[in-house]
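Student: One predicted model, sequence on top.
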Amino acid sequence: MRRLLIGVESGSQEMMDWLKKDIKLEQVFMCAERCRDLGIAVQFPFIVGFPEESDKSIVETVKVAHQLNSMHPNFQTPIFYFKPYPGTKITDDVVKKGYVLPQTIQEWADFDFVGSVGPWVSDEKYDFFEKFKFYMRLGYSNRESHL
């Protein structure tokens, strides 16, 4: 094995429990240490911008993403924005609060799962995460791998 993806989703254990991730942050770091020692490159994707996500959760996510990214040159921590997928409790909740999912096949085809954010992400939070992602790429892009 040369590469692995471990979907962390959040640096907040409280958020991970809310998402029903069924993993603990300690397990993520244990896997990271093992992968580092075995020379396995890892992506640890995070999702931000959940409806009603607390500032505390955001701070914890930033901290964990930074910690993981700094453990090895072949570790990456991409950050994506939450998108409502049908059939999930979170999506059911946002729809009950007025969010309208795409209604046609064409609307689903045009639905941007990667670049846009939901109405529950403030401009301030969006700007913060875009800057954080930029500086993470800039700060960790020129590291040399020793794998």
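Tutor: Ah, there it is. Numbers count the residues shown, from 1 in each chain.

Student: residue ranges of the helices in the protein, please?
Tutor: For the chain, the helices defined by DSSP state H occupy 13-18, 25-38, 55-71, 89-96, 105-110, 123-140.

Student: relative orientation of the last one and helix 55-71 in degrees?
Tutor: Here helix 123-140 runs at 10 degrees with respect to helix 55-71, directions being taken by axes from the mean of the first three to the mean of the last three Cα atoms, to 10 degrees.

Student: The residue nearest the centre of the chain bridge partners, please.
Tutor: By Cα atoms, centre = their mean, the chain has its centre lying nearest to residue 46, at 1.3 Å. Judged by DSSP bridges, the bridge partners of residue 46 are residue 9, residue 79.

Student: Quick one: residues contacting it.
Tutor: Taking Cβ atoms under 8 Å, 6 or more residues apart in numbering, we find residue 46 in contact with 8, 9, 10, 11, 61, 64, 65, 77, 78, 79, 80. C-beta here means a position set from N, CA and C on the backbone, and glycine is covered the same way.

Student: can I get the helices of the chain in TSV with mean neighbour count?
Tutor: Below are these laid out as TSV (neighbours: other Cβ atoms under 10 Å):
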stretch	mean neighbour count
helix 13-18	16
helix 25-38	15
helix 55-71	17
helix 89-96	14
helix 105-110	10
helix 123-140	13
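
Student: for these, which one sits closest to residue 117?
Tutor: Closest approach to residue 117 among those is made by helix 123-140 (5.7 Å; Cβ to Cβ).

Student: by contact count, what packs against that closest one?
Tutor: Packed against helix 123-140 by the contact rule (3 or more Cβ pairs under 8 Å, 6 or more residues apart in numbering; DSSP states H and E) you find helix 55-71, strand 79-81.

Student: Can you pull out the low-pLDDT segments for this protein?
Tutor: Low-confidence segments of the chain (pLDDT under 70): 113-116, 141-147.

Student: ok, now which ones touch the residue of the chain most remote from its centre?
Tutor: Ranking residues of the chain by C-alpha distance from their mean position (Cα atoms, centre = their mean) puts residue 104 at the top, at 27.7 Å. The contact partners of residue 104, by Cβ under 8 Å, 6+ apart, come to none.
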